[in-house]
Each structure stands twice: as structure tokens, then as C-alpha cells.
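Asker: any chance you could fold what I've pasted below:
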Amino acid sequence: MEINSFINYDVSPVSPDDTMKQVQERFFELVNTHLPVVKDGHLVGNISEEDMGSFDLEKKVTDYLYALDAFFVKEDTTWLEVLEEFARSNTNMMPVLSAEGKYLGCYDLTDIMGLFRETPFFNEPGGILIVEKGSADYTFSEISQIVESDNGKLLGAFISRNEGDLVQLTLKVGNTGLNSIMQSFRRYGYNIVMGNEDDMYMDNLKERSNYLRKFLNI
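Answerer: Residues are numbered from 1 along each chain as shown. Below is the predicted model of the structure:
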């Protein structure tokens, strides 16, 4: 899925020579959790709005380089990896760098989540099935085979929880009811955490999936 068209070039980066007062004023204008700090076309780091309360507003950004957060994605990073980096970094703004490491612009979390909602996982009719198995005992090829053996169509799948030796996977299944598919998963040793025949969209996944809830609660 192409996401480069979502790079925002309108958010001017912060300069290390800007005062913290200037940065504070920028945060007042925006809804960003972070702002990129750029020098000579290269990303220095990202300054957090949450940290502003502990900074002397008369000092410059360069005095607080040690406090900057280090996160970014490259222009060829896939949309799912971008989404994961948003979650890991607990931010709603993601700097984008070229292959040569030059700062290009940034992604906005709202735009990327809007792109995600356009995928068949959300748009195609079907049911949501959450299964659980040992982390060393499952494969996505096996999961696809189980679904298709019952004339189902696997519209999407992702790891929604990974704790210890157990992995929880959220599946979107189309073309058929879930009852027979759930029975098949049980025969293959999967624990059924949840199965719902109705279409399930963002609000449902916010309740069922810690993975997506982290993105949406930023």
C-alpha cells in the first residue's frame, strides 16, 4: 500500500537555535505530541510537548538535545511498519527520512489510521475471530489453510497480543460463517478467545485488541 502521498510537508520543523518559548508557541498552534528538530536538512530528534513543562523557556532547543526522542521512518517503510512505529514511540507525528537520511516531512497518525480503515480488513463484510496458540506452534500459512479449508476467505490477520509463550491473533474472515471455522481451529489446537459473526469495525477492535487500542488512544 502506497503511503508516500500522505507525507505532510506543511509542518515546519524546529531549529536547534529556536528558543523553548518559540517551541511552546508552536505546540499551542498544533495538536502534535512531538515536533521534529532539524538542522541542515537532517533530523536531530523530536521534542515532546509533555517535556515542555520542565524546560526553561528562555533557553534554546540546543540546550536540551539530550532530552529529544529518537524515532523516525524511511520513505520506503511499509504502512504497517509505520503504524507500528507510531505505537512504539507513543506519538501522533512521525518524521520521514529519505534513503540518504534527509528529512522530508512527517506522517500524521490520523491520516495513517484513515488509510488503514480503507483496507479490506475493515471494509469487507465478514466476522472477527481471535485465536490463541503457543508462539512456536502456529504459522500464518496454517491459519490461512484452516480458514480456506472451510470455504472461508482470510481478509486480514495480525498479532494482537504476544505475552510469554502465547500469541493471540485477530483474523477477519469472509465468505462463510465462523462456527465451522472455529471448530477447525480447535482441532488444530488453537484456543478460541472470541468469535463474532457480525461485521466488526473500529469501535469493536478498540475493545478487543490492545494492539489497535494503543494506536487509537495516543
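Asker: measure the residue sitting furthest away from the middle of the chain to Q24 for me?
Answerer: Distance from the C-alpha centroid of the chain, by Cα atoms, centre = their mean, peaks at E58 (35.4 Å). E58 sits at a distance of 11 Å from Q24 (criterion: Cβ to Cβ, to the nearest Å). Quick note: C-beta positions are derived from backbone N, CA and C, even for glycine.
Asker: do the same with M52
Answerer: Distance of M52 to Q24, given as Cβ to Cβ: 6 Å.
Asker: can you pull up the most central residue in the chain?
Answerer: Nearest to the mean C-alpha position of the chain, by Cα atoms, centre = their mean, lies L83 at 2.4 Å.
Asker: pull the number of nearby residues for the residue nearest to H34 when sequence neighbours are not counted.
Answerer: Once flanking residues are discounted, H34 sits nearest to N46: 4.3 Å by Cβ to Cβ, 6 or more residues apart in numbering. Using other Cβ atoms under 10 Å, N46 has 24 other residues around it.
Asker: the strand or helix carrying N46 packs against which elements?
Answerer: Using DSSP states H and E, N46 maps to strand 42-48. On a contact count with 3 or more Cβ pairs under 8 Å, 6 or more residues apart in numbering; DSSP states H and E, strand 42-48 meets strand 34-39, strand 93-97.
Asker: distance to S5 and mean neighbour count added to these, as a markdown table?
Answerer: Output for those, formatted as a markdown table (distance: least, Cβ to Cβ, whole Å; neighbours: other Cβ atoms under 10 Å):
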| stretch | distance to S5 | mean neighbour count |
| --- | --- | --- |
| strand 34-39 | 19 | 22 |
| strand 93-97 | 12 | 23 |
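Asker: dump those strands to JSON lines, plus mean pLDDT.
Answerer: Below are these laid out as JSON lines (pLDDT from 0 to 100):
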{"stretch": "strand 34-39", "mean pLDDT": "97"}
{"stretch": "strand 93-97", "mean pLDDT": "97"}
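Asker: and the ones you listed: which comes nearest L68?
Answerer: Among those, the nearest to L68 by Cβ to Cβ is strand 34-39 (6.0 Å).
Asker: between the two ends of stretch 115-130, what distance do you get?
Answerer: Using Cα to Cα, to the nearest Å, the end-to-end distance of stretch 115-130 comes out at 23 Å.
Asker: also stretch 7-26?
Answerer: In stretch 7-26, first residue to last residue: 19 Å (Cα to Cα).
Asker: how far out from the middle of the chain is it?
Answerer: Distance, stretch centre to chain centre, for stretch 7-26: 24 Å (Cα atoms, centre = their mean, to the nearest Å).
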